[in-house]
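S.K.: No sequence on hand, only this structure:
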């Protein structure tokens, strides 16, 4: 069975401001890290066929990382970019654990509203080692951080 999640949030900010935060590594490293985790982007190339590598670090003595004891490191490749509308990425964790292996798809859809911007994250092919409920909670946390950055 394929694991999928979908989260939407209305962000009270202009569409172009939200898109900028979704496509700029200085912002991604702030909003994409769920909860109390911290992040580091190792390289970034925002174009179709480009991508980025990022590490998410768990707080001390919390969590078991997919890559190292406190680290989830992944590589993302941009499959589709439509300015101010959509970003589609393939995400692959650096891991030796087959339960976290494989290519996960992340799609971000944006819609301009009178009150701001609707932001929807859809994840498909979530590795079986990731509980979809945990993925949803992490995405909610990331959307909250994104809203705080741009509102």
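M.R.: All right, it came through fine. All of these numbers come straight from a predicted model, not from anything done at the bench.

S.K.: how far away is the residue of the chain positioned farthest from its centre from residue 14?
M.R.: Most distant from the centre of the chain: residue 114, at 25.4 Å, with distances by Cα atoms, centre = their mean. The gap separating residue 114 from residue 14 is 12 Å, by Cβ to Cβ, to the nearest Å. To be clear about C-beta, it is placed using only N, CA and C from the backbone, and glycine gets the same treatment.

S.K.: same thing with residue 122?
M.R.: Per Cβ to Cβ, residue 122 is found 23 Å from residue 14.

S.K.: same deal with residue 104?
M.R.: Distance from residue 104 to residue 14, by Cβ to Cβ: 29 Å.

S.K.: the more surrounded of the two?
M.R.: residue 104 (21 against 14; other Cβ atoms under 10 Å).

S.K.: what are the pairing partners of the helix or strand where the more buried one lies, and which direction each?
M.R.: Taking DSSP states H and E as the criterion, residue 104 maps to strand 103-113. Strands adjacent to strand 103-113 in the sheet, as given by DSSP bridges, are strand 86-93 (antiparallel), strand 116-124 (antiparallel).

S.K.: can you list those strands in a markdown table and add mean pLDDT and distance to residue 60?
M.R.: Shown next, in a markdown table, are the strands paired with strand 103-113 (pLDDT from 0 to 100; distance: least, Cβ to Cβ, whole Å):
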| stretch | mean pLDDT | distance to residue 60 |
| --- | --- | --- |
| strand 86-93 | 97 | 21 |
| strand 116-124 | 98 | 28 |
